[in-house]
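Q: Predicted model follows, preceded by the sequence.
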Amino acid sequence: MATPFSDHQILESIASDADVMHTILDLSAQRKKLNLSLVLNIVVLYTKNTIFNIGVGLYYLAELQVLGLFELIKSDLEKLIKETESVCLIRNRRGGVFATKCCFLADQLDILAERHYNLRAIVDEMTELFKIQSLSMSMVYYLSAMGTIYFTFCSIWYNNTGFDSSLWGFLLIALSIAFLIADNSISPNLGFLIQDQVREINEKLSERTLFSQELDPRLETVFENYKLQLACNPIEYNICGLFKVERDRIIGMINSAIMSSILLVQWELK
């Protein structure tokens, strides 16, 4: 299993490779007009992108750790559900064994709920701390997708880049698009994975309704409180309070970038 550090290196490598591909494409497209001033401008732009990618990498690493902690909560909850199911099979409930085990399980479930609440608070703090970076990421990803499609068309349509008949040129463009897609999908998808983990935790809590017998009132109350906590405090991501980050909205942004690129291509053909 990949460690958070190795996954962080993968993200930085993909983001760096995407910027390298864009830099090479820019230099190749402007090679006939290449001068010291243009090279310095591209180097400065690449440096800014590198600094931006460091911030994105830190956000990704923090989310990766949160995802791992939610995975641990889900694993501990699965074990607790199995223990609770075995306690339900105890027939003699008048003795102290049943009450003691239920109290112990209730305490353990309270601890899990507290861990979940603390992680939820961390996610809120991360969203607030990186809200400017999140807005920048959305704008950069949107404009990069639109610009890459438009640049690909211009590289094939015109002869000044040399990519229209070069196998290496087509390969370079394909690699640039591949790295762009990977760079744009890793970070948002990690937030969706965290939401999926929370959804699975909620489903695990619902399994206690399938038990053959009732639980101790205190344990039942803790289960209900945990589910109520999940219902009242769902994990949501938003961009500076402007809109929520959802899968449907990401697809809409992709469609918008493609449509904008098509408009640019149509304007170029006139």
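A: Right, received. Where do you want to start? Source: prediction; values computed, not measured.

Q: next helix or strand past the helix-or-strand element of the chain with minimal mean pLDDT?
A: Least confident element among the helices and strands of the chain, by mean pLDDT, DSSP states H and E: helix 4-29 (a mean of 54). Counting by DSSP states H and E, the next helix or strand C-terminal to helix 4-29 is helix 36-88.

Q: Now do that next one, average pLDDT.
A: Averaging pLDDT along helix 36-88 gives 82.

Q: Tell me who's in contact with the most centrally placed residue in the chain.
A: Central residue of the chain (CA atoms, centre = their mean): residue 190, 2.3 Å from the mean position. Residue 190 makes contact with 60, 63-64, 67, according to CB atoms under 8 Å, 6 or more residues apart in numbering. For every residue, glycine as well, the C-beta is placed using N, CA and C.

Q: Which member of these is positioned nearest residue 228?
A: Of all the contacts of residue 190, residue 228 sits closest to residue 67, with 23.7 Å by CB to CB.

Q: what's the neighbour count on the nearest residue to that closest one once chain neighbours are set aside?
A: Excluding the flanking residues, the one nearest residue 67 by CB to CB, 6 or more residues apart in numbering is residue 194, at 5.2 Å. Look at residue 194: counted by other CB atoms under 10 Å, it has 20 neighbours.

Q: Check whether residue 194 really touches residue 235, as I assumed.
A: Yes - using CB atoms under 8 Å, residue 194 is in contact with residue 235, at 6.2 Å.

Q: Quickly list what's touching both of these two.
A: With CB under 8 Å, 6+ apart, residue 194 and residue 235 have common neighbours residue 123.
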